[in-house]
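Student: below: sequence and its predicted model.
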Amino acid sequence: MVTAEHLHQSAAELTITRLLRRNSREFPDRPALTSGIGRDATTLSWAQLRAEVAALTRGLAALGLSRGDRMLIAMSKRPEHWIADLAAIHLGALACSLYDTLSTEQLRFVARHSGATALVLEGEEQMRRWQPILNELPHLRAVVVLDPEGVPPGGRLVVRYADVPREGPPGDASFEVLTDTVTADQPLTLVYTSGTTGEPKGVVLTHRNVIYESLMQDHLVAVPEHPRTVAYLPMAHVAERVLGIYMPVCNAGHVTICPDPAGLLPALLAVRPHGFFGVPRVWEKLAAGLRAKLAALPAEQSAAVKQAQEAAWGAFHLRSAGQDVPDQLAAKLEQLDAQVLRPVRAAIGFDDCHRAFSGAAPIPTAVLEFLAGLGLPVYEVWGLSETTGAATVSTPEAFALGAVGAQGPGIEVKAAADGELFVRGPVVFPGYLTADGRIEAATDQDGWLPTGDVGAIDERGLVRITDRKKEIIITDGGKNIAPTKIESLLRAHPLVAQAVAIGDGRRFVTALLVLDEEVAPLWAQANGIAAAGPGELARHPEVLSALDKAVAEANAALSRAEQVKKYEVLAGPWTPESGELTPKLSLRRRAIDRLHAATIESMYT
């Protein structure tokens, strides 16, 4: 059995630089990084990836990047993103990927706050947004641009990626020295928070943080050796940074890059990943797609699927309650899964998935139950950028609907008197980067980190999150209401892409519902509604009737004070560009209040 002591010892002895060297020596020909699908795919082996990293490390050093510096990366998901990140690590510099939705003003804040000494940009679009602020960055020494057309003539400090000097002397041992110089407690990467409640904060993570997190997840829910994964989330998201870059270095996995989330399904079908992390919206879309496929099955096949679903649900609910699954049911389910359910999962590329996680926001339990009924149990995790991702993890042995798992080995979670959860352990970050380059701790003298999340720990040691401390609704009658509980119930209906509960300082709770831009037209077609645009569907009587029922079903699970008294339907979609969502698809509540103030007021007048 792997204990916290084992994980502590391993994390204390390892660094990402040494693990990359191990992979290049022990698994030189195994695939590390693939870009593209099918005939267009190109793959770097571990030996090739490290050779590319070594070459760019020499080039970045020649451009002046050194230990303690910060390097910002603004590019899409492509192999050069991984190479640039890993090269900076070897120099002891902090690499930080940026969301591609950031405005020039937001870029200005991050660049100034980080004191960036180097930028790695993709091309013309990124250069256009950065050009107005380049002369405002006193620490800047180099701007590396990948695509040649993005390089302005005579640009100050600007160099093409292809022109970065990379050659070293024969038998150069300097790269191996850099590899060995890095220590476990050395800062590894910089992740900026979304800034939903103020200015973004620069979260500094160490090698020890990231390696402990990676080893912990691999030991809690095992996957095959050299696991296959798909990188599709933004590289600025802590989940993709850990799961897409650093965890594959730890377990010598094979990452396939999906540059556009719209192409996720083809990527899943091509890769058949062993592990997958999805934010709730991704799982909701996959579930909606499977529902549509099941609805189209012939009667005989549909009956077989329903029989298998009943067995899967029975086992899932027993395990959710902490009970054992009887041998007879387990044997029946194993047979039905092989014959019926696995082919259904294969339709979305999940027939070989050993580890499926959801996090970053609450996921409707109806979605979890539906997927579990197809032999795809999705386990919730909980954490922050400041805890290197997951601090609690649900596993097949320890989970419950509505809970986000138990604290990982070596990690402690406690609830304060007001319900706020605190975390302590090896995944907790050393602190926030300050504008003067220091790292300022955010823990108390005993090492406890306040998370801002409100929750409780049940008798099985499972953590349940009720809301964000700063997002609690307090009605004018003094009732404290958790909006995420209401929103999760409303989003359980396939027509609803986004739901926002309103009511702080108000007499009662109302809601804004946003139609799913993909599901709504299919639902309309299935219900005999003539082709209509999103705006027309948002006002269509049959759509409103279906949503009336969805709101009524949600209200049935809520207390009187929590129940939604009125709602408005918006056509959407909501995106980071439209302003209602953060780049990681969380709600920007203040922005929503401002952008939809008139609609909100209409529900109270």
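Tutor: Okay, I see it.
Student: in contact with the residue most central in space within the chain, which residues?
Tutor: Closest residue to the average C-alpha location of the chain: residue 239 at 4.3 Å, with Cα atoms, centre = their mean. For residue 239, the contacting residues are 233, 277, 359-360, 389, by Cβ atoms under 8 Å, 6 or more residues apart in numbering. Where you see a C-beta, it was placed from the backbone N, CA and C, and this is true even at glycine.
Student: at 7 Å instead, please
Tutor: Applying Cβ atoms under 7 Å, 6 or more residues apart in numbering to residue 239 gives the contacts 233, 277, 389.
Student: who wins on neighbours among these?
Tutor: In terms of neighbours by other Cβ atoms under 10 Å, these top out with residue 389 at 32 neighbours.
Student: next SSE downstream of the longest helix along the chain?
Tutor: When the chain is scanned for its longest helix (criterion: DSSP state H), the result is helix 299-320. Heading C-terminal from helix 299-320, the first helix or strand you meet, by DSSP states H and E, is helix 327-336.
Student: report the rounded mean pLDDT for the following helix or strand past that following helix.
Tutor: Counting by DSSP H and E, the next helix or strand C-terminal to helix 327-336 is helix 342-346. Regarding helix 342-346, the rounded mean pLDDT is 94.
Student: what's the offset of helix 342-346 from the middle of its chain?
Tutor: Chain-centre distance of helix 342-346: 24 Å, with Cα atoms, centre = their mean, to the nearest Å.
Student: so what touches that helix?
Tutor: Residues contacting helix 342-346 (Cβ under 7 Å, 6+ apart): 290, 305, 351, 374-376.
Student: rerun at 8 Å
Tutor: Contacts of helix 342-346 (Cβ under 8 Å, 6+ apart): 290, 293-294, 305, 351, 353, 374-376.
Student: and the least confident of those?
Tutor: For those, the pLDDT minimum is residue 293, 88.
Student: which stretches of this protein have low pLDDT?
Tutor: 1-4, 150, 153-156, 168-171, 195-198, 469, 476-480, 531, 584 (pLDDT under 70).
Student: which parts of the stretch 501-605 of the chain are helices?
Tutor: Ranges of helices in the stretch 501-605 of the chain, per DSSP state H, counting those that start in this stretch, are 519-526, 534-539, 541-556, 589-595, 597-602.
Student: do the same with the stretch 101-250 of the chain
Tutor: Using DSSP H, counting those that start in this stretch, helices in the stretch 101-250 of the chain cover 104-114, 124-130, 174-181, 207-220, 238-240, 247-251.
Student: centre of the chain to the fifth one, how far?
Tutor: Put plainly, it is helix 238-240. In terms of Cα atoms, centre = their mean, the centre of helix 238-240 is set 5 Å apart from its chain centre.
Student: one more: the last one?
Tutor: On the basis of Cα atoms, centre = their mean, helix 247-251 sits 17 Å off its chain's mean C-alpha point.
Student: and that helix, what does it pack onto?
Tutor: Here helix 247-251 touches helix 16-26, helix 207-220, going by 3 or more Cβ pairs under 8 Å, 6 or more residues apart in numbering; DSSP states H and E.
Student: can you say which of those is packed in most?
Tutor: helix 207-220 (a mean of 25; mean count of other Cβ atoms under 10 Å).
Student: what packs against that helix?
Tutor: Judged by 3+ Cβ pairs under 8 Å, 6+ apart, the packing partners of helix 207-220 are helix 4-13, helix 16-26, strand 187-192, helix 247-251, strand 389-393.
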